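In: attaching a predicted model along with its sequence, questions to come.
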Amino acid sequence: MAATMTSLLREPEVGEEPKELPYPGLLKELARQALERHPRYDYRGKTATELKARLRSARGAVRRCLGLAPRALPAKPTRVHERAAVRYDGFSIRPVVIERGAGWHITAHLYVPDGLGRPAPAVMHVHGHSYEGKSSAAYARRCRGLARRGFVVLFVDFPGAGEREPTGHALWYPVLANMPLQGIMVADNSAAFTYLAGLPFVDGNRIGITGSSGGGNQTVFFCAADDRPAAAAPCNAPCLIWEHANSGSGAYCHCEAVPGLVGAGVEYHDLLASFAPRPLRVFAGMRDPLFPIIGARRAVQEAEPAYRALGGRGLVSIEEHYCDHACPADFREGVYRFFEQALMRPGDLRGARDEGDDIDLSDPRLRALPERPRRRVTIADLYRTRLRGVRPKRVNATQLNRLLGRPATARKARCLVRREERGWSRVLLGTGDGAVLPLLIRKAEGAVTVAISDRGKEKALAQLRPHRGAVAAFDWRGQGEAAPSHDSWNQRAAHYTAYAGEPLPGGRVTDLISAVRWLEREGPRVARVVAFGGEASMVACLAAGVEPGLPQIELHGMARTLRDAPGLIGQVPYTAWVPGLALVTDVPQLLAGLGRRATVKRWLEPGKEPGREGYD
């Protein structure tokens, strides 16, 4: 049986039995190569005129990749509700609800220092992946520290955190409609910034923004898209995307990955440079395993020439602390000092120099939404609304290849190793773009059936066991013998390749086409492709769309429509979704274009809509 066969990714030592040599680094190599195909822009030696044009173009690319309409920013609240302030030592907290469209509630805490005599500087605080949001003691401590020093502070919950938990977060399917979570958060933060800037006791020209980890990335993307902040202090996040892929130890959340950004020529140093010449200081932990310090240093170093040319010499910098992915006391003190230098003016209120005592954030008086709203919009609702006006069309191979980020010629494969055993052939294929495909062929007379599965070649063969003819099955990139050592690399590869404009599904389409074409060149006719599972069915459908000569495909687990994506979490892995696909076409149109070449044996039915996927 195939399951007992040794793999071609196992190599015996002299005189020893075969030992396992899997290829867990394959996805990492392919993701790095995808990013490397887009060289970083070099700001050195450019004139101010050249740099202004470059940064204008980069900011436009950022907004497009975030899925924001040309005039979406600055966003304005459609409704604001403020509750009574709760007083503490040196400041008060006012719970606030900012609506950006009916039912889309942005919950926040407004920290106001005691004794303000004139409009004060302010800081908007956005947070990372503590789903407690504004009720997290660690985050609230920073807001207290700023408020006790004389800053008005607005602490905003991101979607899915705190009182916004029902909206959902860490969801990848919205990229189908070109609405990545980061774009939603930028628009939310823009509306919150508008509210903060309009308060009578705030100087709207002196508002900064800060956040750490996911909040650090929110800070940078917001500043690249909305030009109103006067100063920025992103923490524990700025890092070249390439360096994150090369040496970082953890995955982004789905909310931090922006499809197409690197493919559009924008890397992290461009995001920092777009803030020039306003003051920006990156705060980083020297031992941070998630966002390596070398990537943070390089991002700042490569943005600095733009600052220098635009009159902001010394206004972009990095402050390093000997810590890991954390914000200890001296780290926070550095943030306070930065904002005092960047935003404070003579005559401003300067309060206590400490953070004060922790407060009870579970106090019901601090809830912005004490009662359940009659209408509460979720990310799934936003996704469906975005698709409501879309009229899907049939697409040709050129259009599909463009969405998949693959050249039309990327289908050649070569045999790296081949071994014959009784009744079986074992082949290691190398694709034209560098993937390695372990392929099993069961020998028999007649045409070959190619089987693929969401769970690898052994499962595909097992599901075809009653079939007595010739069968071939393979592991696509990142699957089976080529699976990463940790599942986070599926997520990381999905993010990095999407950043590069070469989404992972496009590579897996290449894998299927390459395997079929290689088999056909070897002699036996390929009669059909059988796909088991939601991702395998989508890959087979897309492959048939870009390769008119692909044999008949048989789909066991096909989505009826991309509009069902919110309810297909758990049935279709997020790695199957192609950014922007739902704005162009849909499953009925894809299948109609294939005609009799496609047969659906089992349809997927949407179920519960989980609030998160692929991120813990």
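Out: Received the coordinates, thanks.

In: look up the closest residue to residue 184, ignoring the ones flanking it.
Out: Computed as Cβ to Cβ, 6 or more residues apart in numbering, the closest residue to residue 184 that is not its neighbour in sequence is residue 159, at 6.3 Å. The way it works is simple: take the backbone N, C-alpha and C, and place the C-beta from them, glycine included.

In: tell me the centre residue of this structure?
Out: Taking Cα atoms, centre = their mean as the criterion, residue 257 is the residue nearest the geometric centre of the chain, at 2.2 Å.

In: could you confirm the residue nearest to residue 184 falls within a helix?
Out: No. The assignment for residue 159 by DSSP: H, G, I helix; E, B strand; the rest coil gives coil, which leaves it out of any helix.

In: packing partners for the least confident helix or strand in the chain by mean pLDDT?
Out: Lowest mean confidence among the helices and strands of the chain (mean pLDDT, DSSP states H and E): strand 413-421, at a mean of 88. The elements that strand 413-421 packs onto, with contact taken as 3 or more Cβ pairs under 8 Å, 6 or more residues apart in numbering; DSSP states H and E, are strand 424-431, helix 504-522.

In: can you tell me which of these is most buried?
Out: helix 504-522 (a mean of 24; mean count of other Cβ atoms under 10 Å).

In: what is the orientation angle of that helix with strand 413-421?
Out: 60 degrees (axes from the mean of the first three to the mean of the last three Cα atoms, to 10 degrees).

In: restrict helix 504-522 to CA atoms and write it as PDB.
Out: Written as PDB, here are the backbone C-alpha positions of helix 504-522 (Å, rounded to 0.1, in the frame of the first residue of the first chain):
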ATOM      1  CA  LEU A 504      -0.700  31.000  -2.200                       C
ATOM      2  CA  PRO A 505      -3.700  29.600  -4.100                       C
ATOM      3  CA  GLY A 506      -2.000  30.700  -7.300                       C
ATOM      4  CA  GLY A 507       1.000  28.600  -6.400                       C
ATOM      5  CA  ARG A 508      -1.200  25.600  -5.700                       C
ATOM      6  CA  VAL A 509      -2.900  26.000  -9.000                       C
ATOM      7  CA  THR A 510       0.500  25.900 -10.600                       C
ATOM      8  CA  ASP A 511       1.200  22.700  -8.700                       C
ATOM      9  CA  LEU A 512      -1.800  20.900 -10.100                       C
ATOM     10  CA  ILE A 513      -1.300  22.100 -13.600                       C
ATOM     11  CA  SER A 514       2.400  21.100 -13.500                       C
ATOM     12  CA  ALA A 515       1.700  17.600 -12.200                       C
ATOM     13  CA  VAL A 516      -1.000  16.900 -14.800                       C
ATOM     14  CA  ARG A 517       1.200  18.200 -17.700                       C
ATOM     15  CA  TRP A 518       4.200  16.200 -16.500                       C
ATOM     16  CA  LEU A 519       2.100  13.000 -16.400                       C
ATOM     17  CA  GLU A 520       0.800  13.700 -19.900                       C
ATOM     18  CA  ARG A 521       4.400  14.200 -21.200                       C
ATOM     19  CA  GLU A 522       5.300  10.800 -19.600                       C
END
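
In: which secondary structure elements does the helix or strand just after it contact?
Out: Next helix or strand after helix 504-522 toward the C-terminus (DSSP states H and E): strand 526-532. Using 3+ Cβ pairs under 8 Å, 6+ apart as the contact definition, the elements that strand 526-532 packs against are strand 448-453, helix 457-463, helix 504-522, helix 534-546, strand 552-559.

In: partner strands of strand 526-532, with direction?
Out: Here strand 526-532 has these sheet partners by DSSP bridges: strand 448-453 (parallel), strand 552-559 (parallel).

In: make a markdown table out of these and add distance to residue 42 and mean pLDDT.
Out: As requested, these are arranged in a markdown table below (distance: least, Cβ to Cβ, whole Å; pLDDT from 0 to 100):
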| stretch | distance to residue 42 | mean pLDDT |
| --- | --- | --- |
| strand 448-453 | 43 | 96 |
| strand 552-559 | 44 | 97 |
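
In: what's the closest of those to residue 234?
Out: With Cβ to Cβ, the closest approach to residue 234 among the strands paired with strand 526-532 belongs to strand 552-559: 37.5 Å.

In: next structured bit after the closest one?
Out: Secondary structure here is assigned by DSSP H and E; on that basis, the next helix or strand after strand 552-559 toward the C-terminus is helix 587-594.

In: output the contacting helices and strands for that next one.
Out: helix 534-546, strand 552-559.

In: I'd like the average pLDDT over it.
Out: Mean per-residue pLDDT for helix 587-594: 97.

In: would you mark the buried spots in it?
Out: By neighbour count with 16 or more other Cβ atoms under 10 Å, helix 587-594 contains the buried residues 587, 589, 590, 591, 593, 594.

In: hmm, back to that, pLDDT score for the residue nearest to residue 184?
Out: Note for residue 159: predicted pLDDT of 97.

In: pretty sure it sits against residue 188.
Out: Yes. Assessed by Cβ atoms under 8 Å, residue 159 is found in contact with residue 188 at 7.2 Å.

In: I appreciate the help and will end here.
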